[in-house]
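Student: Return atomic coordinates for the entry below.
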Amino acid sequence: MGILDGRVAVVTGSGRGIGREFALSMASEGANLVINDVGVSLDGQGTDDDPAAQTCKDIEALGVRAVPSNESVTDYDAAGRLIQTAIDEFGRVDILVNAAGIFPPQVFADMTFADWRRMLAVNLDSMFLMTKAFAAGMREFARSSLRATHGGPSSCS
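Tutor: Okay, the predicted model is just below:
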C-alpha cells in the first residue's frame, strides 16, 4: 500500500486542520492511527462535535484502522494514556505528530492571563508531555521486543 505499512502513528489535534491532513496523508501511505482531538474549537472553547470520530471514519475508508482519542494533551497522565492506546490497539507506536493547537479569538491586548496559560498549555506544554510519553512507550516497546527475541531482560536503560 505505502511507505508506512505496518506503522502506527499518534496524531494530536487530528480532528481538524493540519493535524487531520497529516493523519489522512499517513493513512494513505498505510499507517494505522490514533486520532486525538478533544473536540474544541480553534479558540479552545467546547463544542458538541466529535472530530476525532469523523476523522477515524474517513481514514477507515482508506483501508487502514484508526481509533479515536479524546484525551487532553495538556494532562501528564492523559498523555501516557494516549500513547498506551496505540500500544493496546496496535501493539506498538512508531510515529508521533504534535499538531494540537488553539488560538485565542481576541487580539493580544485583550487576552487574559487565563487565555494565555491555556494557549501555552495546548501549544507548548503538550509537546513536552506527549513527546515524553511517546519516548517512554518506544523504550518499553524496544525492551519487550528484545525480551521476546532474546528470551530475557534487555540491557536498555
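
Student: contacts for stretch 77-91?
Tutor: 8-10, 12, 32, 34, 36, 65, 67, 69, 71-73, 92-93, 96, 126, 129-130, 132-134, 136-137, 140-141 (Cβ atoms under 8 Å, 6 or more residues apart in numbering). Yep, even glycine has a C-beta here, placed from its N, CA and C like the rest.

Student: Could you give me the buried positions within that stretch?
Tutor: By 16 or more other Cβ atoms under 10 Å, the buried positions in stretch 77-91 come out as A78, A79, G80, L82, I83, Q84, T85, A86, I87, E89, F90.

Student: pLDDT, secondary structure and distance to D115 for these - can I get that in JSON lines?
Tutor: Shown next, in JSON lines, are those (pLDDT from 0 to 100; DSSP: H, G, I helix; E, B strand; the rest coil; distance: Cβ to Cβ, whole Å):
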{"residue": "A78", "pLDDT": "97", "secondary structure": "helix", "distance to D115": "21"}
{"residue": "A79", "pLDDT": "97", "secondary structure": "helix", "distance to D115": "22"}
{"residue": "G80", "pLDDT": "96", "secondary structure": "helix", "distance to D115": "27"}
{"residue": "L82", "pLDDT": "97", "secondary structure": "helix", "distance to D115": "25"}
{"residue": "I83", "pLDDT": "97", "secondary structure": "helix", "distance to D115": "28"}
{"residue": "Q84", "pLDDT": "95", "secondary structure": "helix", "distance to D115": "31"}
{"residue": "T85", "pLDDT": "96", "secondary structure": "helix", "distance to D115": "29"}
{"residue": "A86", "pLDDT": "96", "secondary structure": "helix", "distance to D115": "31"}
{"residue": "I87", "pLDDT": "94", "secondary structure": "helix", "distance to D115": "35"}
{"residue": "E89", "pLDDT": "96", "secondary structure": "helix", "distance to D115": "35"}
{"residue": "F90", "pLDDT": "96", "secondary structure": "helix", "distance to D115": "36"}
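
Student: distance between the top helix by length along the chain and the chain's centre?
Tutor: Ordering each helix of the chain by length in residues (DSSP state H) puts helix 126-150 first. Centroid separation between helix 126-150 and its chain, computed with Cα atoms, centre = their mean, to the nearest Å, is 15 Å.

Student: Give me the contacts around the helix-or-strand element of the chain with minimal mean pLDDT.
Tutor: Here the helix or strand of the chain ranked lowest by mean pLDDT, DSSP states H and E is helix 126-150, holding a mean of 87. Outside helix 126-150, the residues that touch it by Cβ under 8 Å, 6+ apart are 10, 12, 73-76, 79-80, 82-84, 86-87, 92-93, 96, 98, 100, 153-154, 156.

Student: No more questions from me, cheers.
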